[in-house]
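1. the following comprises the amino acid sequence and a computationally predicted model.
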Amino acid sequence: MIFMSQSGLTDRARESEWDRWYDEHLAIMTTVPGIGSAQRFKCADSSHPPSLAMYSVASPEVFDDAQYLKVAGMGEWIALVDRAHCMRNLFDGAERAPEVRDGEFLLIADRDKPEPGRAGIEWKWLECVGIDRSTPHRGIAVVPPRVADRARRHAGIAVYVPATRCHKPA
């Protein structure tokens, strides 16, 4: 399963400080039993939530784990989180979140139903099964720069750049 948390700050002047906090937060999140990876991304345009964190989770029960409840959330940053961009969704349809390396991009497309071949991209379609349920289906694709550039011309496709490495449990 894949858990995605999208957000942004109301005070952009503190973004570099938030970036450092978030990288540490992802490392801490991978200490939770059942979280197999955590990586953060920044959106390449302003028409989608500016920040996206993507986690591999074993099952919905991860969110009831005492360690998760202890370390989850935005901590001191909660007062600065822009509610217009705040969405948390749990998706089924993939065992693990893909690792996105430097030089690669993560594409996101939210749809009412899967659209295979959308914009000539090989999408992995996920079904939203929990938390905010802000979209019924989400397509994800890891692509090289030339495909990301082409995707930017299509409405409703968000292009995200890795902001951190992919954290994994020690």
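-> Cool, got the structure.

2. separation between Ile2 and Trp18?
-> 23 Å (CB to CB, to the nearest Å). Backbone N, C-alpha and C define where each C-beta goes, glycine included.

3. meant to ask about Ser46, not that
-> Distance from Ser46 to Trp18, by CB to CB: 17 Å.

4. and for Val159?
-> 21 Å.

5. on that earlier part again, same drill for Ser46 and Trp18, tell me which one is more crowded.
-> Between Ser46 and Trp18, counted using other CB atoms under 10 Å, the more crowded position is Trp18 (21 against 8).

6. ok, that one touching Trp77?
-> Yes - Trp18 is in contact with Trp77 according to CB atoms under 8 Å; the separation is 6.1 Å.

7. shared neighbours, the two?
-> The contact sets of Trp18 and Trp77 overlap at Leu9 (CB atoms under 8 Å, 6 or more residues apart in numbering).

8. partner residues bridging the residue nearest to Lys113 when sequence neighbours are not counted?
-> Excluding the flanking residues, the one nearest Lys113 by CB to CB, 6 or more residues apart in numbering is His137, at 6.0 Å. Note on His137: beta-bridge partners by DSSP bridges are Arg111, Glu127.

9. how many residues are close by His137?
-> Neighbours of His137 (other CB under 10 Å): 18.

10. what does Ser59 give?
-> 11.

11. can you check Asp64 too?
-> Neighbour number of Asp64 under other CB under 10 Å is 10.

12. what about it, distance to Cys86?
-> In terms of CB to CB, Asp64 sits 21 Å off from Cys86.

13. same check on Pro98?
-> 23 Å.

14. please enumerate the strands of the protein.
-> In the chain, the strands defined using DSSP state E lie at 2-7, 35-43, 51-57, 87-92, 105-111, 124-131, 137-143, 157-162.

15. how about those strands in CSV, adding mean pLDDT and distance to Asp23?
-> Listed next are the strands of the chain as CSV, based on pLDDT from 0 to 100; distance: least, CB to CB, whole Å:
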stretch, mean pLDDT, distance to Asp23
strand 2-7, 97, 14
strand 35-43, 98, 7
strand 51-57, 98, 11
strand 87-92, 97, 19
strand 105-111, 97, 17
strand 124-131, 97, 23
strand 137-143, 98, 20
strand 157-162, 97, 11
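
16. list the contacts of the residue nearest to Lys113.
-> His137 neighbours (CB under 8 Å, 6+ apart): 110-114, 125-128.

17. and Arg165, by the same measure?
-> Gln39.
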